[in-house]
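Asker: Just a sequence and a predicted model for now, questions to come.
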Amino acid sequence: MADEKIELLVCLGTGCESAKSDVLFAKLSDEIKKHKLENKAAVKRIGCHGLCQQGPVIAVEPEGLFYCQVKESDIEEIIQSHLIKGKPVERLFYEHDDGTRIPHYRDIPFYAKQTRVVLKNSGHIDPSKIDDYIAVGGYKGLERALKEMSPEEVIEEVYNSGLRGRGGAGFPTGLKWKFARSSPGDVKYAICNADEGDPGAFMDGSILVADPHSVLEGLSIAAYAIGAREAFIYVRHEYPSAVASLKKALKQSYERGFLGENILGTGFNLDIRMMEGAGAFVCGEETALMASIEGKRGMPRPRPPFPTEAGLWGKPTVINNVKSLAAVAIILREGWEWFKSIGTEGSPGTAIFSLTGKVKNTGLVEVPMGATLRHIIFDVGGGVGTGREFKAVQTGGPAGGCLPKEKLDLPVDFDSLREAGAIMGSGGMIVMDETTCMVDVARYFLSFTQQESCGKCTPCRMGTLEMLKILDKIREGRGEEGDIEKLLELCDTVVKGSLCGLGQNAPNPVLTTIKYFREEYEAHIRDKTCPAMVCRDLVKYVIDPDLCIGCGACSRICPTGAAQGEKKQAHHIEQDMCIKCGACLEVCPPKASAVLKIPISKTLADIKGGAQ
Amino acid sequence: MQAPPTDQLHSKLIPMLQEIQERLGYIAPEAVEWLAKELKLSEQEIYGVATFYNFFRLNPPGRHEIRVCLGTACHVQGNEKLLDTICERLGIQPGETTPDGRYSLERVACVGACALAPAIVIDDEVHGRMTQRALQRLLDKIDREDEEAMKKRGEK
Ligand SMILES: Cc1cc2nc3c(=O)[nH]c(=O)nc-3n(C[C@H](O)[C@H](O)[C@H](O)COP(=O)(O)O)c2cc1C
Ligand code: FES
């Protein structure tokens, strides 16, 4: 249809926003006004469209065209060429590996190879407009639940769908609700866990920014099912845009009668309150999270009793992850049979990952459960992309594990990943290549859990500290024979002696890296080398005087003054002053490539001699 | 009429601490004194909660707040090296403020820009795909602007 209005959808997800997409939005709006194109085109805000790597992105609907890495200076051409002359700006289309341009996002492998169910609205509707959500079937699920079904029937529907909790543990959602419903008491609570503790994952935050009503709808359905009149949504505080998006969505839901008293005229009352977290990883754990809502230190407590019997303020409580609740809204709208037809027998539905690290297409990915790691990393993600070798993939955050190349054909579902020593987790997926050191990664996660341990259980508090000390020793080149065995013993102690999932899973990154990359530990311990050249005590930076052109880039950026030399003369690095920040290597012009990172035990002559 | 009244009161503690920090930039001792009366809690209880959560700071922040993301994606992309550079340049460690009160430095675990790692947040603005060079430019720019502002004020 030639005269259909063109919609320019500017992504304001965290990734694109950090690439200044808000400036593009403002400029596009201004220019459209200036050129009096309001009848022909409209600018819309969207949440994360998915392919963050190419940000800032602008989608053009209804055609489904896709502009990548748009700069402020490109706007004029988009206006002139696309909007005025009807000729899309080809050079901004996605560039395929073979150099050809792909105009439509649906043809870009990153999108073509996904199955978007929960993320269907993300990047397509304006999250700040409840009508956009309603127009795509939003709140139909809630309406059906409230008007056509008893709470028991709703629970049955969710149970039949086979939905398992997307917060990490994979507990059947319908069953959890059944427990809470049958717990005695008039006062019950429903909570949405939007704490997204995994450091390096952004799925839950993105959904809240891109499609907040889907989560509110799911939470309302949960509340109705278990008999709660009050619900909470606990959001991670590092996500200011998620908080803002939710605030707006809550306000609109109240205004439109989806929340408050006598919802949709059915007599059902519900209040949802938002609470911001305060930066403690352990508060993602359900009992700690409830303590935090109560205004206390977020310490986990033993279960049983489970929250479904005695949760918030001792009342029966259901707590679900953002993605679980977004899926609930869809299940109630489309029916359990449909949902169950996606994914695997044991894990129906889809899996959502935030794909990051050493992978070509970083972004938000949704695939049917049971898809292989290879499918996600290579078909959707486009592979490592640096020309380097794939080494490992990490899932499950600090509680998860690293899997090697040999495991790439593993289907992604709750059970297979756990068998391999990793976990499904909440959706963080970080790809690592040969420049990632597995000892360093294990140490990274352990130092994270160590710091975030609430300190209640001694094995968790002290065991992880002990492990951290050994890993530090290894990384600094002071490792000894027997260290690996000591680590394994400590892992066992920590797993067995910890009350909550934080401690119980803390050793996973260490266990899996030892299991699959033991030779890397051994290289650190026996040869005092870091094969990935990451561990700073085992590498040094040197300048090859034969290659140095004396441009002075290194000495200008060096924060300590370690990179020295006269203009136009070969430079050198004072090793005593060097903090190994790598700035010199980054700025050394490619035509010279005079700065080298070499093993600490080697000299420049060794390296050059070896190369000849 | 859901939770008992004192429970309801206590559940206001964290949101109120957040509001105080938003307004003052930190949890000032006078604010704790006031809160204790308001919520019928001891000051000790309030400090117990405030120190448990990473978000709350008990000393005033610098005029420019730098937060270096050390989430997994940013770690894998080498953000620790950028943190070292900042520490060296400012002469402070994470959690500290420069003696002139201009900069404070924090480490955070993920700001949601993982796809564009490594990320650094300066004065609430997220900068993705950071490099040593980009970092140097950003900090130079802030220094320049501050200097100009100072000159202007000096002239008045
Ligand atoms: C240390 C720790 C951190 C957790 N962090 C989160 C989190 O950030 N988000 C989340 O949804 N679940 C998290 N969980 C899992 C929750 O305890 C809980 O199982 C989940 O919110 C239940 O929701 P679901 O059934 O929909 O998965 C965490 C668990 C542990 C042990
Ligand atoms: S890990 Fe740094 S933004 Fe997520």
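Answerer: Happy to help now that I have it. Residues are numbered from 1 along each chain as shown, chains lettered A, B, ... in the order given. Ligands and ions are numbered 1, 2, ... in the order given.
Asker: Mind giving me the packing neighbours of the longest helix along chain A?
Answerer: Among the segments of chain A that qualify as a helix by DSSP state H, the longest is helix A:508-526. Helix A:508-526 sits against strand A:390-395, strand A:401-404, helix A:438-452, helix A:464-475, helix A:483-497, with contacts defined as 3 or more Cβ pairs under 8 Å, 6 or more residues apart in numbering or on different chains; DSSP states H and E. For the C-beta atoms, the positions are set from N, CA and C on the backbone; glycine is no exception.
Asker: Which neighbouring elements make contact with the helix or strand following the third one?
Answerer: Going down the chain from helix A:438-452, the next helix or strand is helix A:458, by DSSP states H and E. Counting contacts by 3+ Cβ pairs under 8 Å, 6+ apart, helix A:458 is packed against no other helix or strand.
Asker: Which one, of the helices and strands packed on helix A:508-526, ends up nearest to chain B?
Answerer: Across those, chain B has its closest neighbour in helix A:438-452 (5.2 Å, Cβ to the nearest Cβ).
Asker: Alpha carbons only: can I get the closest one in CSV?
Answerer: Below are the C-alpha coordinates for helix A:438-452, written out as CSV (Å, rounded to 0.1, in the frame of the first residue of the first chain):
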residue,chain,number,x,y,z
MET,A,438,39.4,-19.9,31.8
VAL,A,439,41.2,-19.5,35.1
ASP,A,440,40.5,-15.8,35.0
VAL,A,441,36.8,-16.5,34.3
ALA,A,442,36.5,-18.9,37.1
ARG,A,443,38.2,-16.5,39.4
TYR,A,444,36.0,-13.7,38.2
PHE,A,445,32.8,-15.5,39.1
LEU,A,446,34.1,-16.7,42.4
SER,A,447,35.2,-13.3,43.4
PHE,A,448,31.7,-12.1,42.5
THR,A,449,29.9,-14.7,44.6
GLN,A,450,32.4,-14.3,47.4
GLN,A,451,31.7,-10.6,47.6
GLU,A,452,27.9,-11.2,47.3
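Asker: Give me the contact list for it.
Answerer: A:199, A:280-282, A:391-392, A:394, A:397-398, A:402, A:432, A:464-465, A:467-468, A:471-472, A:474-475, A:502-503, A:506, A:509-510, A:513-514, A:517, A:520-521, A:524, A:530, A:532, A:534-535, B:72, B:75-76, B:109 (Cβ atoms under 8 Å, 6 or more residues apart in numbering or on different chains).
Asker: Report the buried residues of that helix.
Answerer: A:438-450, A:452 (16 or more other Cβ atoms under 10 Å in any protein chain shown).
Asker: what do you get for stretch A:407-417?
Answerer: Residues of stretch A:407-417 classed as buried by neighbour count (16+ other Cβ under 10 Å): A:K407, A:L408, A:L410, A:P411, A:V412, A:D413, A:F414, A:S416, A:L417.
Asker: returning to that earlier point: buried residues in the longest helix of chain A?
Answerer: So, applying 16+ other Cβ under 10 Å, buried residues of helix A:508-526: A:508-514, A:516-517, A:520-521, A:523-525.
Asker: quick one: low-confidence ranges for the chain?
Answerer: No chain was given, so I picked chain A. For chain A, the stretches with pLDDT under 70 are A:1-3, A:610-612.
Asker: oops, I was thinking of chain B
Answerer: Applying pLDDT under 70 to chain B flags residues B:1-6, B:155-156.
Asker: Would you map the helices across it?
Answerer: With helices called from DSSP H, chain B shows them at B:5-10, B:13-24, B:29-39, B:43-52, B:72-76, B:79-90, B:132-155.
Asker: Repeat that for the stretch 501-612 of chain A.
Answerer: Under the criterion DSSP state H, counting those that start in this stretch, the stretch 501-612 of chain A contains helices at A:501-505, A:508-526, A:553-557, A:583-587, A:604-611.
Asker: which other residues reach the fourth one?
Answerer: If I follow you right, that is helix A:583-587. So helix A:583-587 is contacted by A:541, A:543, A:553-554, A:556-559, A:563, A:573, A:595-597, B:81, B:85, B:131-133, B:136 (Cβ under 8 Å, 6+ apart).
Asker: Near ligand 1, which residues of chain A are found?
Answerer: Selection of chain A residues close to ligand 1 by Cβ under 6 Å from any ligand atom yields A:165-169, A:171, A:173, A:193, A:195-197, A:282, A:284-286, A:319-321, A:324, A:426, A:500-502.
Asker: Drop anything exposed from those.
Answerer: The neighbour count (16+ other Cβ under 10 Å) marks A:165-169, A:173, A:193, A:195-197, A:282, A:284-286, A:319-321, A:324, A:426, A:500-502 as buried among the residues of chain A next to ligand 1.
Asker: Show me what residue of the stretch 1-150 of chain A gets nearest to ligand 1.
Answerer: Relative to ligand 1, the nearest point of the stretch 1-150 of chain A is A:V118 (12.5 Å; Cβ to the nearest ligand atom).
Asker: Tell me which residues touch the closest residue to A:T512 other than its chain neighbours, please.
Answerer: Distances taken as Cβ to Cβ, 6 or more residues apart in numbering or on different chains place A:G401 nearest to A:T512, at 3.2 Å, with adjacent residues excluded. By Cβ under 8 Å, 6+ apart, A:G401 lies in contact with A:Q394, A:T395, A:A420, A:G421, A:A422, A:I423, A:N508, A:P509, A:L511, A:T512, A:T513.
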